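Asker: here is a sequence with its predicted model. Questions after.
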Amino acid sequence: MNLTQWQTKPAWSEYEAQLLGRGYEPTWDPDTERAVSSAKITCCRCGATPAYVGMTDGKTELGFLACTPECGEWIRFLAPLPPLPPDGEGDGR
Ligand SMILES: [Zn+2]
């Protein structure tokens, strides 16, 4: 996984509050959680294992790895989404 440093990003608690203010809600996807833990990602600043945090507004799902509040480091990654079930396709209308 390629982790890009983002020098001017806000603290995770701040950014999380922004997302909540934009209508996002915390979500938890066990498949993503498993993928994250098997990838053995460690924080580039303190070496701890960041926690997976999912956010969704019902349409878009965002994935984050957030380190401890003391560290404040976090990264965003693209959550592997399952394919959407076909909606109204082939109903012969
Ligand atoms: Zn850290």
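Answerer: Arrived safely.
Asker: which residue, other than its chain neighbours, is closest to Ala11?
Answerer: Distance criterion CB to CB, 6 or more residues apart in numbering; nearest residue to Ala11, sequence neighbours excluded, is Gly72 at 4.6 Å. Glycine gets a C-beta too; all of them are placed from N, C-alpha and C.
Asker: which SS state does the spatially most central residue of the chain fall under?
Answerer: For the chain, Gly63 is the residue whose C-alpha lies nearest the centre (CA atoms, centre = their mean; 1.2 Å). Of the three states, Gly63 takes strand under DSSP: H, G, I helix; E, B strand; the rest coil.
Asker: ok, now which ones touch it?
Answerer: The contact partners of Gly63, by CB atoms under 8 Å, 6 or more residues apart in numbering, come to Thr32, Val36, Tyr52, Val53, Gly54, Met55, Arg76, Phe77, Leu78, Ala79.
Asker: re the thing from before, wait, doesn't the residue nearest to Ala11 sit right on Trp12?
Answerer: Yes. Assessed by CB atoms under 8 Å, Gly72 is found in contact with Trp12 at 5.9 Å.
Asker: of those two, which one has the most company?
Answerer: Legend: neighbour count by other CB atoms under 10 Å for Gly72 and Trp12, higher for Trp12 (22 against 17).
Asker: now name the helix or strand holding the nearest residue to Trp28 once chain neighbours are set aside.
Answerer: Nearest non-adjacent residue to Trp28, counting by CB to CB, 6+ apart: Gly54, 5.6 Å away. Per DSSP states H and E: Gly54 is located in strand 51-56.
Asker: and the residue nearest to Ala11, how far is that from Glu61?
Answerer: Distance of Gly72 to Glu61, computed by CB to CB, to the nearest Å: 23 Å.
Asker: ranges for the helices of the protein?
Answerer: Ranges of helices in the chain, per DSSP state H, are 12-21, 30-38.
Asker: the shortest one vs strand 51-56, what angle?
Answerer: The reference is to helix 30-38. Helix 30-38 and strand 51-56 are oriented at 150 degrees to each other (axes from the mean of the first three to the mean of the last three CA atoms, to 10 degrees).
Asker: can you tell which of the helices of the chain is closest to Cys67?
Answerer: Closest to Cys67 of those, according to CB to CB: helix 12-21, at 7.4 Å.
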